[in-house]
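Okay, sequence plus prediction incoming.
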Amino acid sequence: MDGTTIADQGLNEYVRDHDQQGLRTKVKGTIQLNQYELIEVYKNKLQSYSPEQLRRVTEQGVWSLGQMYNHLILVAYEYLNHVETCMSEGEEQKCGKTEAGEQVYRLGRFPPIKIKLPDHLDNPNNSESKEDLTIGLDQLRQKMMEWEGKVDTVNPNYKFKHDGFGWLNAREWFDLIGMHFRHHLLQKSELEQKLGI
(Lines give C-alpha, C1' and ligand atoms only; values in the text may rest on other atoms or scores of the structure.)
Protein backbone atom coordinates (compact mmCIF):
# COMPACT_ATOMS: atom_id res chain seq x y z
CA MET A 1 0.00 0.00 0.00
CA ASP A 2 1.26 3.53 -0.79
CA GLY A 3 0.37 5.08 2.59
CA THR A 4 -3.10 6.13 1.44
CA THR A 5 -5.71 5.49 4.10
CA ILE A 6 -9.24 4.26 3.53
CA ALA A 7 -10.43 7.77 4.37
CA ASP A 8 -8.07 9.26 1.74
CA GLN A 9 -9.44 6.86 -0.84
CA GLY A 10 -12.99 7.88 0.01
CA LEU A 11 -12.09 11.56 -0.34
CA ASN A 12 -10.33 10.94 -3.66
CA GLU A 13 -13.45 9.20 -4.98
CA TYR A 14 -15.60 12.09 -3.78
CA VAL A 15 -13.31 14.66 -5.43
CA ARG A 16 -13.45 12.75 -8.73
CA ASP A 17 -17.23 12.44 -8.55
CA HIS A 18 -17.95 15.96 -7.28
CA ASP A 19 -15.45 18.35 -8.84
CA GLN A 20 -16.78 21.67 -7.61
CA GLN A 21 -14.46 24.62 -8.19
CA GLY A 22 -13.47 26.72 -5.24
CA LEU A 23 -14.29 24.13 -2.60
CA ARG A 24 -10.89 22.47 -2.41
CA THR A 25 -7.62 23.88 -1.14
CA LYS A 26 -4.09 22.57 -1.39
CA VAL A 27 -2.40 21.84 1.91
CA LYS A 28 1.21 20.65 1.89
CA GLY A 29 0.91 19.51 -1.74
CA THR A 30 -2.28 17.44 -1.33
CA ILE A 31 -5.85 18.31 -2.18
CA GLN A 32 -7.91 18.92 0.93
CA LEU A 33 -11.64 19.53 1.04
CA ASN A 34 -12.85 22.51 2.99
CA GLN A 35 -15.24 22.11 5.91
CA TYR A 36 -18.36 22.69 3.79
CA GLU A 37 -17.46 19.99 1.30
CA LEU A 38 -16.59 17.64 4.17
CA ILE A 39 -20.08 18.18 5.57
CA GLU A 40 -21.46 17.28 2.13
CA VAL A 41 -19.36 14.08 2.10
CA TYR A 42 -20.92 13.05 5.42
CA LYS A 43 -24.40 14.14 4.37
CA ASN A 44 -24.29 12.29 1.04
CA LYS A 45 -23.06 9.09 2.67
CA LEU A 46 -25.67 9.38 5.42
CA GLN A 47 -28.41 8.98 2.80
CA SER A 48 -27.16 5.48 1.92
CA TYR A 49 -27.43 4.05 5.46
CA SER A 50 -30.46 2.09 6.59
CA PRO A 51 -31.89 2.93 10.04
CA GLU A 52 -30.39 -0.34 11.34
CA GLN A 53 -26.94 0.47 9.96
CA LEU A 54 -27.11 3.95 11.45
CA ARG A 55 -27.85 2.69 14.98
CA ARG A 56 -25.98 -0.62 15.09
CA VAL A 57 -23.15 -0.80 17.62
CA THR A 58 -20.75 -3.45 16.30
CA GLU A 59 -18.86 -3.98 19.57
CA GLN A 60 -18.75 -2.67 23.10
CA GLY A 61 -16.90 0.64 23.40
CA VAL A 62 -17.37 1.47 19.71
CA TRP A 63 -19.91 4.04 18.54
CA SER A 64 -22.57 3.49 15.91
CA LEU A 65 -22.51 5.63 12.79
CA GLY A 66 -25.39 7.65 14.22
CA GLN A 67 -23.47 8.33 17.42
CA MET A 68 -20.46 9.49 15.42
CA TYR A 69 -22.64 11.88 13.38
CA ASN A 70 -24.25 13.19 16.57
CA HIS A 71 -20.79 13.73 18.09
CA LEU A 72 -19.57 15.66 15.02
CA ILE A 73 -22.56 18.01 15.07
CA LEU A 74 -22.42 18.65 18.83
CA VAL A 75 -18.67 19.29 18.87
CA ALA A 76 -18.94 21.66 15.89
CA TYR A 77 -21.52 23.71 17.77
CA GLU A 78 -19.27 23.70 20.84
CA TYR A 79 -16.42 25.07 18.71
CA LEU A 80 -18.73 27.74 17.25
CA ASN A 81 -19.69 28.74 20.79
CA HIS A 82 -15.97 29.23 21.49
CA VAL A 83 -15.68 31.38 18.34
CA GLU A 84 -18.48 33.53 19.76
CA THR A 85 -16.75 33.66 23.16
CA CYS A 86 -13.57 34.92 21.48
CA MET A 87 -15.61 37.63 19.78
CA SER A 88 -17.37 38.75 22.95
CA GLU A 89 -14.44 38.46 25.39
CA GLY A 90 -12.85 41.79 24.53
CA GLU A 91 -9.70 40.96 26.49
CA GLU A 92 -6.40 39.99 24.91
CA GLN A 93 -4.78 36.70 25.94
CA LYS A 94 -1.00 36.48 25.67
CA CYS A 95 -0.82 32.69 26.16
CA GLY A 96 -0.61 30.50 23.10
CA LYS A 97 -1.02 26.91 22.02
CA THR A 98 0.45 23.83 23.64
CA GLU A 99 3.05 21.79 21.74
CA ALA A 100 0.24 19.47 20.57
CA GLY A 101 -1.78 22.49 19.45
CA GLU A 102 1.14 23.90 17.50
CA GLN A 103 1.59 20.57 15.76
CA VAL A 104 -2.10 20.22 14.88
CA TYR A 105 -2.23 23.68 13.32
CA ARG A 106 1.11 23.31 11.58
CA LEU A 107 -0.11 20.09 9.92
CA GLY A 108 -3.68 21.29 9.47
CA ARG A 109 -5.11 18.08 10.96
CA PHE A 110 -5.46 15.97 14.09
CA PRO A 111 -2.96 13.14 14.49
CA PRO A 112 -4.30 9.87 13.01
CA ILE A 113 -4.95 8.31 16.40
CA LYS A 114 -8.04 7.38 18.39
CA ILE A 115 -8.68 9.92 21.11
CA LYS A 116 -10.27 8.71 24.34
CA LEU A 117 -12.97 11.08 25.51
CA PRO A 118 -13.99 11.62 29.14
CA ASP A 119 -16.77 9.20 30.15
CA HIS A 120 -19.45 11.93 30.23
CA LEU A 121 -18.75 12.70 26.52
CA ASP A 122 -18.26 9.13 25.36
CA ASN A 123 -21.90 8.12 24.91
CA PRO A 124 -23.48 10.24 22.16
CA ASN A 125 -27.17 10.01 21.32
CA ASN A 126 -27.99 6.90 19.25
CA SER A 127 -31.67 7.57 18.60
CA GLU A 128 -31.60 10.32 15.97
CA SER A 129 -32.98 9.46 12.56
CA LYS A 130 -31.30 9.99 9.23
CA GLU A 131 -33.59 12.98 8.72
CA ASP A 132 -32.66 14.49 12.12
CA LEU A 133 -28.96 14.16 11.36
CA THR A 134 -29.38 15.60 7.85
CA ILE A 135 -31.20 18.62 9.28
CA GLY A 136 -28.47 18.93 11.93
CA LEU A 137 -25.74 18.97 9.25
CA ASP A 138 -27.67 21.49 7.13
CA GLN A 139 -28.24 23.81 10.10
CA LEU A 140 -24.59 23.50 11.11
CA ARG A 141 -23.45 24.37 7.59
CA GLN A 142 -25.72 27.44 7.61
CA LYS A 143 -24.43 28.58 11.01
CA MET A 144 -20.84 28.15 9.85
CA MET A 145 -21.50 30.19 6.72
CA GLU A 146 -22.90 32.98 8.92
CA TRP A 147 -19.69 32.98 10.95
CA GLU A 148 -17.35 32.67 7.95
CA GLY A 149 -17.54 36.37 7.15
CA LYS A 150 -17.17 37.48 10.77
CA VAL A 151 -14.47 35.20 12.12
CA ASP A 152 -11.53 37.10 10.65
CA THR A 153 -12.77 40.41 12.07
CA VAL A 154 -12.16 39.14 15.62
CA ASN A 155 -8.93 40.30 17.23
CA PRO A 156 -6.59 37.26 16.97
CA ASN A 157 -5.44 37.84 20.54
CA TYR A 158 -8.95 37.23 21.92
CA LYS A 159 -8.77 33.54 22.80
CA PHE A 160 -10.50 30.67 24.57
CA LYS A 161 -8.64 27.72 26.03
CA HIS A 162 -8.82 24.22 24.53
CA ASP A 163 -7.93 21.52 27.07
CA GLY A 164 -5.42 19.82 24.78
CA PHE A 165 -4.32 22.49 22.32
CA GLY A 166 -4.04 25.56 24.54
CA TRP A 167 -5.32 29.06 23.81
CA LEU A 168 -7.06 29.32 20.42
CA ASN A 169 -8.46 32.40 18.70
CA ALA A 170 -11.73 32.59 16.77
CA ARG A 171 -10.20 31.58 13.41
CA GLU A 172 -8.43 28.61 15.02
CA TRP A 173 -11.63 27.40 16.70
CA PHE A 174 -13.48 27.76 13.41
CA ASP A 175 -10.81 25.83 11.48
CA LEU A 176 -10.90 23.09 14.12
CA ILE A 177 -14.40 22.14 12.90
CA GLY A 178 -13.08 21.02 9.52
CA MET A 179 -10.12 19.27 11.12
CA HIS A 180 -12.48 17.39 13.43
CA PHE A 181 -14.74 16.28 10.56
CA ARG A 182 -11.66 15.18 8.61
CA HIS A 183 -10.33 13.27 11.64
CA HIS A 184 -13.51 11.17 11.85
CA LEU A 185 -13.40 10.06 8.19
CA LEU A 186 -11.23 7.10 9.20
CA GLN A 187 -13.66 6.10 11.96
CA LYS A 188 -16.55 6.40 9.47
CA SER A 189 -14.73 4.10 7.04
CA GLU A 190 -13.94 1.57 9.78
CA LEU A 191 -17.55 1.52 10.96
CA GLU A 192 -18.77 1.07 7.40
CA GLN A 193 -16.39 -1.85 6.90
CA LYS A 194 -17.63 -3.53 10.08
CA LEU A 195 -21.20 -3.13 8.81
CA GLY A 196 -20.31 -4.45 5.36
CA ILE A 197 -21.16 -1.16 3.67
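Looks like it arrived, so ask away.

Quick check: residue 40 vs residue 177, distance?
Using CB to CB, to the nearest Å, residue 40 is found at 14 Å from residue 177. Where C-beta positions appear, they are placed from N, C-alpha and C, glycine not excepted.

out of those two, which sits in the busier spot?
residue 177 (23 against 17; other CB atoms under 10 Å).

tell me which element that one is part of?
Assigned by DSSP states H and E, residue 177 belongs to helix 170-183.

I'd like to know which elements that helix is packed against.
Helices and strands touching helix 170-183, by 3 or more CB pairs under 8 Å, 6 or more residues apart in numbering; DSSP states H and E, are helix 35-46, helix 65-89, helix 99-107, helix 130-151, strand 159-162.

Tell me the residue in the chain that is farthest from the middle.
For the chain, the largest distance from the centre (CA atoms, centre = their mean) belongs to residue 91, which lies 27.8 Å off.

wait, is that one part of a helix?
No. Judged by DSSP: H, G, I helix; E, B strand; the rest coil, residue 91 forms no part of a helix; its state is coil.

check contacts around it.
Neighbouring residues of residue 91 by CB atoms under 8 Å, 6 or more residues apart in numbering: residue 158.

From residue 164, how far off is it?
For residue 91 relative to residue 164 (CB to CB), the value is 23 Å.

Quick check: which element contains the residue lying closest to residue 74 once chain neighbours are set aside?
Leaving aside its chain neighbours, residue 74 sits nearest to residue 124 (7.1 Å; criterion: CB to CB, 6 or more residues apart in numbering). Using DSSP H and E, residue 124 sits in no helix or strand.
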